[in-house]
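Asker: Have a look; sequence and predicted model below, questions after that.
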Amino acid sequence: MSEELYYKSASELSGLLEKGEVSSLELTRSIIGRTKAVEDRVAAFNSYDEADALAQAEASDQRRSTGNISGPLDGIPVGIKDILAVKDQPLTCSSKMLENFISPYDATCIQKLKQSGAVLWGRLNMDEFAMGSSTENSATHPTSNPWNLNCVPGGSSGGSAAAVAAGEAVLTLGSDTGGSIRQPASHCGVVGLKPTYGRVSRFGLAAFASSLDQVGPMARSVEDASLLLQAISGHDLRDSTSFRKEVPDFSKSLESLKGKKWKLGLPKEYFEKASDSAAMEPVQKAIDFYRELGCEIKEVSLPHTEYAVATYYIIATAEASSNLARYDGIRYTHRAANFDPKDSVDVYNQSRAEGFGEEVKRRIILGTYVLSSGYYDAYYLKAQKARTLIRQDFEKAYEEVDALLTPTSPFPAFEKGAKMEDPLSMYLSDIYTISANLAGIPGLSLPCGYSNGMPVGLQILGKPFQEDEMLAIGQAFESAHDFKNQHPEL
Amino acid sequence: MEYEAVIGLEVHVQIKAESKIFTRCKAGFGFEPNTLVDPVVMGLPGALPVMNKKALDGVIKAGLALNCTIPDVCKWDRKNYFYPDSPNNYQITQYDQPICEGGLVEIELSGDSRAAMGEHKKIQLTRIHLENDVGKLNHFTEDSLVDYNRAGTSLMEIVTEPDMHSGDEAFAFLTAVRQIMVYCGISDCDMEKGQMRADANISVRPVGQKELGSKIELKNLNSITGVKNGIEYEIKRQTRELKKGNTITQATWRWDADQGRTESMREKEDAHDYRYLPDPDLMPVRIDDEWKNWIRAEIPELPFDKQRRFIEAYDLPYTITSVLVPDRELSEYFEAAAKRSPKMAQAIGNYVTNDVLRELSETGQSLAECKVTAEHLLSLVNAVEKGTITKQIGKDVFLEMFKSGELADAVIERKGLKPNFDEDQVKVWCQEAIDENPRPVDDFKAGNEKALNALLGPVMKKSRGKANPQIVNQLLRELIS
């Protein structure tokens, strides 16, 4: 049984731990063993600290032996995207810039996760500073898609998605600025959830684009995702953009919302330009499933969809250009060595030239440009207006339906290197996901089938702060299919 | 051709608060370098700012005290520029929606003499906004080191219209602002600790010309006197240049207080583009009437209003008010006694501005430590007024009170300062004085009233100061006639 532990769901493991049939130490050893077995091929991690994980597992078992467990995640290994601050652990954002940075503090979601008793496991690879859709923009190494090692896992939370798919973690945390949880989830055949903006504290999440970033769970089942979401959600005094709103008990709502006949909308703009019909087929089947379930399926319109990509790349890069200014070679970041700087500007220029990768530089330059005097009104201000229109599109749609069904990505995982020379086509990977970030609404991706052997994701977009409904809708599909038990052959 | 100067000031005032503007990290001055820091202050990855309400309260209070308009909503913007003292390489400030708009500051120029009130004027403000302070660079031969203790301190910037015309006006403006800030408890405005800093924009134009001349931004003005001197120097310099037919190029200059001259720092950075953007980490703030009213109720009577009232209600001379009023504590100390005995206000004012201040300064005590309370002051002026002791003895009694903390009557009793001799004894001394000083007696008889003083002295001397001068005066008159 031990060799399969790593593929069990968090909810099942939670029961096994409670019954004493398994210990956190056994489970954590199983995860470590699996990681060591497949990591040479998957390469999901930037680093991991075995001794630290085992110590946490022991502490969990200790708590359990005295009847003091903290909740359903107590003792369960959760992988962490290398963009979240964990006290005394590296925080690299997969950038050379932060290659030697050890965080002196915990992110709020990490603090909450520690309080839940979870075993924090490793630092997961990503596109540098979360900029990318393939994890190829990592300064450390690319991560492979466990379903096909020649393919990318998606990104930017590619390490988080691949680790869950490969059994290297039971659950992982990712972050989503334009689809960075949902798109890799769909590519790796796992569940990924971007919460409503403000649901999860951003304190301790290295910022890419502050008004778009959210931390969220990645898991092998909807229920598991809900468990992790539960642990990290809630208002935080250290994040002014976190929302003062009651967090529902997601497990309870999954129960109570079971069997509900939902009104589900299909945004026509998302289906008109479906680029890869093979990838659309599983999504169409999923839609049929809901129809057969008795849900009302209706077409809705999000008329400003065509402006989403442009709007996103203006706002995200503008914020990024400012957010990443702190990585300057002065205090804790990479500083160019072996040269004699004339002045501090010299230190900045050389350190940033060496410390940042191509894509990060591209976005900083783009963001700097759109904020420049004389261009601000034409780009940034206009993008903010477009953003309002995009949000209003969703508000209108939600007057008619409970949630929207869309593909997560226009195509399944592509081969490594296929889009690296074509940033624009890479940017279009996010076409179905970025609107949710612009509108601040929650989004869920769950596996709904395969295209040429590669997983395809169904995206469910929910109403603000109604992740519970979105999860229930997802679970209705999941429970009638077997995708959550499908694992790649490694 | 006649020239006139036009001056605008940008005054930075640190807001007194336990913690920094965006985090609970302690704020302070004089600590070991880089000890007042945390992830937010240092701009570590993932750190987020959260607004300190005390800082907002401070700016609202300043705005209300300086007659600004407080719009319902203000917001936060990032000013992007790279400098090692700025941990995020952007400053969080307010670009187009500051907390306070407009405003008027009453100032007083110096009068013809110290005893005369000077001219009062009102200086227009443009705005007051809130932002974070930056760290401090220390340059050494090999390296430069940064101390981030000051970084993240709550800082308000008070921007004036180009509404002043001399170093004196700028001096008076800063003095007025500082007094109001201290009165309101917003800041201690200690320029040596960097709690108040000023930059001046100075331009000169021919009298009668409407448009402003090219301005020089003058920095490194480290004291209020420095502001005055720097501005005066710069006005002379610019006027001289213009008179020579030269033009002034917009630039940043610095005041060198040691050399007593200004020098060019850099040409105006036209190229500098701060790429302002609304800060996505901070929500706009709505300031409603309830909030404003609550703060308004906290604002004390302002210095010039108090001064006018003191002159009117207590019939105080300007000189006394000009010592009392700038110090809120001192003026309240005075008034605690004066309002209980308004007729004695001037005597109280004299004790406060002379004796109390002298002894405090000699002993290095603060007013709060002073054992002479309002109650004590009243006991002293009453003893003098009733004639129990003379003014002269009063000075000694005060010294005793200051040391021991006793009321005047207790000191008088303990030291035996009460006149314990009868009128007959005084009469004998008066007669002796008359006999010993025939000339003043003759003069007095001849109608010179003042001559009596020459007799008063010897009597007081014989009584060792204990005789009541009024009684002596009366007895002398009786005896001579």
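Answerer: Noted; the coordinates are in hand. Numbers count the residues shown, from 1 in each chain, chains lettered A, B, ... in the order given.

Asker: contacts, neighbours, all on C-alpha from now
Answerer: Will do.

Asker: Please determine how far the most centrally placed residue in chain B is located from A:S70.
Answerer: Computing the C-alpha centroid of chain B and ranking residues by C-alpha atoms, centre = their mean puts B:Q179 first, at 3.9 Å. Separation of B:Q179 from A:S70 (C-alpha to C-alpha, to the nearest Å): 56 Å.

Asker: A:M218 contacts A:L171, doesn't it?
Answerer: Yes - taking C-alpha atoms under 8 Å as the definition, A:M218 is a contact partner of A:L171 at 5.9 Å.

Asker: residues shared between the contacts of the two?
Answerer: Here A:M218 and A:L171 share the contacting residues A:164, A:225, scored by C-alpha atoms under 8 Å, 6 or more residues apart in numbering or on different chains.

Asker: From the structure, what's the count of residues near A:E489?
Answerer: 8 (other C-alpha atoms under 10 Å in any protein chain shown).

Asker: Am I right that it is in a strand?
Answerer: No - read with DSSP: H, G, I helix; E, B strand; the rest coil, A:E489 is coil and lies in no strand.

Asker: Look up how far chain B lies from the nearest residue to it once chain neighbours are set aside.
Answerer: Spatial nearest neighbour of A:E489, excluding adjacent residues (C-alpha to C-alpha, 6 or more residues apart in numbering or on different chains): A:W147 at 6.9 Å. In this structure, A:W147 and chain B are 33 Å apart, going by C-alpha to the nearest C-alpha, to the nearest Å.

Asker: Isn't A:W147 up against A:P488?
Answerer: Yes - here A:W147 reaches A:P488: they are 4.9 Å apart, a contact under C-alpha under 8 Å.

Asker: between the two, which one's more packed in?
Answerer: Each of A:W147 and A:P488 has its neighbours counted (other C-alpha under 10 Å); A:W147 has more, 24 against 17.

Asker: which residues does that one contact?
Answerer: Residues near A:W147 by C-alpha under 8 Å, 6+ apart: A:188, A:453-455, A:488-490.

Asker: separation between it and A:I181?
Answerer: From A:W147 to A:I181 the distance is 17 Å (C-alpha to C-alpha).

Asker: of all of the stretch 251-400 of chain A, which residue lies closest to chain B?
Answerer: A:R326 (4.4 Å; C-alpha to the nearest C-alpha).

Asker: Count the residues that sit near that residue.
Answerer: A:R326, neighbours per other C-alpha under 10 Å, totals 23.

Asker: which one is it nearest to, not counting chain neighbours?
Answerer: The nearest residue in space to A:R326 (C-alpha to C-alpha, 6+ apart) is B:N88, at 4.4 Å.

Asker: Hmm, the one you found is touching A:A325, no?
Answerer: Yes - the pair B:N88 / A:A325 is scored as a contact, 6.4 Å apart, by C-alpha under 8 Å.

Asker: Looking at those two, which is more packed in?
Answerer: Neighbour count, other C-alpha under 10 Å: between B:N88 and A:A325, B:N88 has more, with 27 against 19.

Asker: List the contacts of the more buried one.
Answerer: So B:N88 contacts A:323, A:325-326, B:42-43 (C-alpha under 8 Å, 6+ apart).

Asker: and it, what pLDDT?
Answerer: We note a pLDDT of 97 for B:N88 in this prediction.

Asker: what do you get for B:K386?
Answerer: For B:K386, the model assigns a pLDDT of 84.

Asker: Repeat that for B:E436.
Answerer: Looking at B:E436, the pLDDT reads 89.

Asker: got a list of contacts for stretch A:328-336?
Answerer: A:96-101, A:327, A:347-348, A:350-352, A:354-355, B:84.

Asker: Residues of the stretch 201-350 of chain A that sit close to chain B?
Answerer: A:202-207, A:210-211, A:237-241, A:319, A:322-323, A:325-326, A:330, A:344-345 (C-alpha under 8 Å from any C-alpha of the partner chain).

Asker: what about the residue in chain B positioned nearest to chain A, which SS state?
Answerer: Across chain B, the shortest distance to chain A (C-alpha to the nearest C-alpha) belongs to B:G46, at 3.8 Å. Assigned by three-state DSSP, the conformation of B:G46 is coil.

Asker: Could you report the separation of it from A:E478?
Answerer: Distance, B:G46 to A:E478, using C-alpha to C-alpha: 34 Å.

Asker: Name the residue in these two with the higher neighbour count.
Answerer: More crowded of B:G46 and A:E478, by other C-alpha under 10 Å: B:G46, with 24 against 19.

Asker: May I have the phi/psi pair for the more buried one?
Answerer: Dihedral pair for B:G46: phi 90, psi -10, per degrees, to the nearest 10.

Asker: Quick check: it touching A:A107?
Answerer: Yes - here B:G46 lies in contact with A:A107, judged by C-alpha under 8 Å, at a distance of 7.4 Å.
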